[in-house]
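Undergrad: with the input below, show me the fold.
(2 chains)
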There are 2 protein chains.
Amino acid sequence: METLAEVHHFFKKGHLDYRPCLTIDCAIFGYHDGGLQVLLIKNKIITKWCLPGGFVRKDESLDRAATRITAERTGIANLFLKQFKAFGDPGRNDPRGAFEPEKLFELAQVKMEEDSWLTGETVSVGFYAITDIISAIPKADFLSSECAWYPVDKLPPLGFDHDGMVRDALFAMRMHLYHFPIGKNFLQQKFTLKEIKHFYEVMSGKQLNASNFPNKLISLGLIVKLDEKRKIGAHRSPAYYKFDEESYEKALKEGLVLA
Amino acid sequence: METLAEVHHFFKKGHLDYRPCLTIDCAIFGYHDGGLQVLLIKNKIITKWCLPGGFVRKDESLDRAATRITAERTGIANLFLKQFKAFGDPGRNDPRGAFEPEKLFELAQVKMEEDSWLTGETVSVGFYAITDIISAIPKADFLSSECAWYPVDKLPPLGFDHDGMVRDALFAMRMHLYHFPIGKNFLQQKFTLKEIKHFYEVMSGKQLNASNFPNKLISLGLIVKLDEKRKIGAHRSPAYYKFDEESYEKALKEGLVLA
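TA: Okay, here's the model as predicted:
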């Protein structure tokens, strides 16, 4: 929705294209050398930071909807995405009574209708995505005033039920670290073991006291040593590694046990 | 729904109590010495085996709905339950064109209405449960002719999108084996290491070539050795273990890494 005409159409006729009860919310995690961040938008109605999200179109799968919504906010078409949990408890759309639907319609300059398709109870399917921060170009939507990265350990209190969503998304992502390969889209094509260890430390949010992740990746054939070394100094030239495409894709599909 | 009057009310006025777009489906896994089983119901309309499920009441949480639905099918009030995935792709309610809504209304002896709340597209939230087979008393519902256990490795082709649901439920449950303690409700109060190893083998569906699960449970303080041994023979008296309540509940809440 870019123009006011599109917004009007969405408010008045959106139920023809979208499923009224079904939304998606996305915790987009940004990998950054200094720590893990998450992309937030500032909701104009409740004036709180929230996760980006949106309604699901009638003709699209949940995965497709999550891809579309994350692409709209980051400019990246094919983020690494995983569904982590559905949120459907009664009252979740407005746990603190902060949401005033009148304001929503006022913002769109549309006359509010009591039985609008936009104001019913929804179930929201939570997805998390991972990207490197450098590739993403955050972009607010019509209902938000800002779109920005926040460190996951320094988040402001979020609107709706999104505090719990971030907590659950982080938990799921950190569990999945042990069962799916990650990193192919965020690390340089070739990297040292130290770099991939640091990557896992940022993602897991803890110091790893051994190189168990890199070593397991090697033993499973997910990363392979190259005939090339990084030249740091006379006595320091660690070997480069790269991901093995075939093993990586297979593991991404079938899962594995990394720990 | 036990009586025809209740069924009539559900068909005609169910939308007052239930959320029309939101259902729950449950893969109830039954632990059995000989292997893992899953509870199926035979749907009277499409005459195929399916997972048990149902609509979510407007006043209940997703967890509560799953507890209610699994209790109705097993007779057990508080099964170990975990949400694993939401299913909401277009056409999922009828992927093979096998569902004839007329038959549904015929069965309930209710005049079919074109815009019935029962025939719209739904998103279904998948939960898996674990129980021991002995404690459960399978019970069919109004829309099913049978309710029975099937070995997970010998399932008939299921109706709707339930083949994929069982696959995803198994995958999630087996991933969760590494991150949550299980077994407290299915093993005897005291057990040997061999018994708990066998339990993990049944749940994971594979031979474990070492006692890594039991050993990790010990090192994390989740199971503790008792001053008591099983007397099998003169030279065979393995020690008994039991779960440590406090560590168990904490790990269930916070997660862990077992591998």
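Undergrad: contacts and neighbour counts: CA atoms only from here.
TA: OK.
Undergrad: around chain B, pick out the residues from chain A.
TA: Counting by Cα under 8 Å from any Cα of the partner chain, the positions of chain A adjacent to chain B are A:21-22, A:58-62, A:83-90, A:123, A:125, A:175, A:179, A:257, A:259.
Undergrad: make it 10 Å
TA: Taking Cα under 10 Å from any Cα of the partner chain as the contact definition, chain A meets chain B at A:19-22, A:56-64, A:83-92, A:121-126, A:171, A:175-176, A:178-179, A:254-259.
Undergrad: where along the stretch 1-150 of chain A do the strands fall?
TA: A:18-32, A:35-43, A:49-50, A:53-57, A:80-87, A:123-132, A:144-151 (DSSP state E, counting those that start in this stretch).
Undergrad: what helices or strands is the fourth one leaning on?
TA: When contacts are defined as 3 or more Cα pairs under 10 Å, 6 or more residues apart in numbering or on different chains; DSSP states H and E, strand A:53-57 sits against helix A:4-17, strand A:18-32, helix A:62-74, strand A:123-132.
Undergrad: the inter-axis angle of that strand versus helix A:62-74?
TA: Interaxial angle, strand A:53-57 versus helix A:62-74 (axes from the mean of the first three to the mean of the last three Cα atoms, to 10 degrees): 140 degrees.
Undergrad: that older thread, of the residues of chain A next to chain B, grab the buried ones for PyMOL.
TA: Buried members of those, defined by 16 or more other Cα atoms under 10 Å in any protein chain shown, are picked up in PyMOL with:
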select buried, chain A and resi 19+20+21+22+56+57+58+61+62+63+83+84+85+86+87+88+89+90+91+92+121+122+123+124+125+126+175+176+178+179+255+256+257+258
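Undergrad: picking that back up, out of the strands of the stretch 1-150 of chain A, deepest packed?
TA: The highest average neighbour count among those, using mean count of other Cα atoms under 10 Å in any protein chain shown, belongs to strand A:49-50 at a mean of 26.
Undergrad: may I ask which helix or strand of chain A has the lowest mean pLDDT?
TA: helix A:101-108 (a mean of 84; mean pLDDT, DSSP states H and E).
Undergrad: centre of the chain to it, how far?
TA: 27 Å (Cα atoms, centre = their mean, to the nearest Å).
Undergrad: other SSEs contacting that helix?
TA: Counting contacts by 3+ Cα pairs under 10 Å, 6+ apart, helix A:101-108 is packed against helix A:4-17.
Undergrad: who does the helix it packs on touch, helix- and strand-wise?
TA: By 3+ Cα pairs under 10 Å, 6+ apart, helix A:4-17 packs against strand A:18-32, strand A:53-57, helix A:101-108.
Undergrad: turn these into TSV, columns for distance to B:Ile133.
TA: Converted to TSV, the helices and strands packed on helix A:4-17 look like this (distance: least, Cα to Cα, whole Å):
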stretch	distance to B:Ile133
strand A:18-32	36
strand A:53-57	39
helix A:101-108	49
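Undergrad: of these, give the one that comes closest to A:Trp117.
TA: In terms of Cα to Cα, the element of those nearest to A:Trp117 is strand A:18-32, at 5.7 Å.
Undergrad: avg pLDDT for stretch A:178-198?
TA: Across stretch A:178-198, pLDDT averages out at 88.
Undergrad: and it, which residues are buried?
TA: A:178-184, A:186-187, A:190-193, A:195-198.
Undergrad: same thing with stretch A:212-232?
TA: Applying 16+ other Cα under 10 Å to stretch A:212-232 flags A:Phe213, A:Pro214, A:Asn215, A:Leu217, A:Ile218, A:Leu220, A:Leu222, A:Ile223, A:Val224, A:Lys225, A:Lys229 as buried.
Undergrad: where exactly do the helices run in the stretch 151-259 of chain A?
TA: Remark: helices assigned in the stretch 151-259 of chain A by DSSP state H, counting those that start in this stretch are A:162-176, A:193-204, A:212-219, A:245-254.
Undergrad: out of these, name the one with the poorest average pLDDT.
TA: helix A:212-219 (a mean of 86).
Undergrad: how far does it sit from the chain's center?
TA: On Cα atoms, centre = their mean, the centre of helix A:212-219 falls 25 Å from the chain's centre.
Undergrad: counting by contacts, list what it packs against.
TA: Using 3+ Cα pairs under 10 Å, 6+ apart as the test, helix A:212-219 ends up in contact with helix A:193-204, strand A:223-229, strand A:239-243.
Undergrad: turn the ones you listed into JSON lines, including distance to B:Pro101.
TA: Below are these laid out as JSON lines (distance: least, Cα to Cα, whole Å):
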{"stretch": "helix A:193-204", "distance to B:Pro101": "48"}
{"stretch": "strand A:223-229", "distance to B:Pro101": "52"}
{"stretch": "strand A:239-243", "distance to B:Pro101": "50"}
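Undergrad: so for B:Cys147, which of the ones you listed sits nearest?
TA: The nearest among the helices and strands packed on helix A:212-219, by Cα to Cα, is helix A:193-204 at 42.7 Å.
Undergrad: quick check: angle from that closest one to strand A:123-132?
TA: Using the same axes, to 10 degrees: helix A:193-204 against strand A:123-132 is 160 degrees.
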